[in-house]
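Undergrad: Sharing a model that was predicted from the sequence below.
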Amino acid sequence: MTAPVRVWNRSFVALLSAHATNNLGDGIRRTAFPLLAAMLTRDPVLVAGLTFALSLPWLVFGLHAGAIADRADRRTLLVGANIVRALLLVTLALTVLTDTATLPVLYVIAFAVGFTEVLFDTTAQAVVPATVGHRALEPANARIAASEIVGNEFIGPPLGAVLFTFAVVAPFVSIGGMAVLGALLIVLMQGDFRPKRADGDDSRSMLQGIKIGLRFLARHTVLRAVTLTAGVMAFVDTAGFAVLVLYAQDILAVGDVGYGILVAAIGAGGLVGSLLSGRLARGIRARPVMLAGAASLTLSMAGLAVAQEMATALLALFAGGLGYGLWGVVSLTLRQRLTPDGLLARAGAGHRLL
């Protein structure tokens, strides 16, 4: 008889809790940072540029973060990333309290916080197999993805707005406190989280290590196909989301609340898809679930193309979120299973970069 899959051990609970705490902070940041920027300037381009500053580190530092996470003790990196994030948020909070906050300061801190997010998220994905083993990856990744959606999309953004209304400094102090809590939770993880060098990985420099990771991803037939497909899906989804607010206003004729409901439908679909994927995708069932995820996203885009009323659009957006939830968890699990431990972070960083 096959032994039951065990997910809830001390190390995974600590990692999941830290991940959930960090993502709640990220959700608060999604509203608090733009609100602070809007206090400092009314230029819409400069306010939108803040999102770019937060995202840019994934482009310029993603591959390097993967190389670092495949060289150093991963638990130490997770703790260090959170401590630096906390220090950055305390600095921002102090500038708010002393009325010295400026847009350039906010941009610099946002950019630096983005670096800590890249390092933490890249390293955390590589740590999961060491906490639960390969047999329990589906339910483990499903729980992590669900915690990310709940914190980033449901609880964090409105909480950030409420905290900002209560006191401008409150959301930044809260995010900093959550980063410290996340670091303390990671310390509770038990085991050896130093990466094991993969066969043929004789890299002595960071650049050489990055090349080896990208070469592995490019030469692996399955992982190459998964990465390219994910890139196309991300392009389609992002292109649609970029004009969703205009679609809501001009086609569906709904206001700001209606737009918020549409965005929430995507998150709800993603949450359901993430939770379902942990049960559906086991062994040979991984491919059908991934195909179902891709098909769901395709149907979502087709539905939005013909939708003229709110109900149809909500169904289509829910289907898109569902597809991404199914695809994301299963494709991540597949990468973790097929990639040697010493290349996990670099292969994951290459995938996320695309």
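TA: Done, it's in.

Undergrad: From A225, how far off is L217?
TA: Distance, L217 to A225, by C-beta to C-beta, to the nearest Å: 11 Å. Just so you know, the C-beta spots here come from the backbone N, C-alpha and C atoms, and that holds for glycine as well.

Undergrad: out of those two, which sits in the busier spot?
TA: In this view L217 and A225 are compared by other C-beta atoms under 10 Å, and L217 has more residues nearby, 22 against 10.

Undergrad: Please look at the more buried one and L223 and confirm they touch.
TA: Yes: between L217 and L223 a contact is recorded at 5.6 Å, counting by C-beta atoms under 8 Å.

Undergrad: Tell me the residues that contact both of these two, please.
TA: Shared contacts of L217 and L223 (C-beta atoms under 8 Å, 6 or more residues apart in numbering): A347, H351.

Undergrad: what residues does the lowest-mean-pLDDT helix or strand in the chain touch?
TA: When each helix and strand of the chain is scored by mean pLDDT, DSSP states H and E, helix 244-246 comes last, with a mean of 77. Contact with helix 244-246 is made by Y259, L262, V263, as judged by C-beta under 8 Å, 6+ apart.

Undergrad: Pick the one among those residues closest to L181.
TA: V263 (27.5 Å; C-beta to C-beta).

Undergrad: Run a quick neighbour tally on that closest one.
TA: Neighbours of V263 using other C-beta under 10 Å come to 18.

Undergrad: Now do the buried residues in the helix or strand harbouring V108.
TA: Using DSSP states H and E, V108 maps to helix 103-132. Buried residues in helix 103-132, counted by 16 or more other C-beta atoms under 10 Å: 103, 106-107, 109-132.

Undergrad: cool, and stretch 308-315?
TA: M310, A313, L314, L315.

Undergrad: With just CA atoms, put it into PDB.
TA: Provided in PDB are the C-alpha atoms of stretch 308-315 (Å, rounded to 0.1, in the frame of the first residue of the first chain):
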ATOM      1  CA  GLN A 308     -21.700  42.600 -24.000                       C
ATOM      2  CA  GLU A 309     -22.900  42.200 -20.500                       C
ATOM      3  CA  MET A 310     -21.400  41.900 -17.000                       C
ATOM      4  CA  ALA A 311     -22.500  38.300 -16.300                       C
ATOM      5  CA  THR A 312     -20.700  36.900 -19.400                       C
ATOM      6  CA  ALA A 313     -17.600  38.900 -18.700                       C
ATOM      7  CA  LEU A 314     -17.500  37.700 -15.200                       C
ATOM      8  CA  LEU A 315     -17.700  34.100 -16.300                       C
END
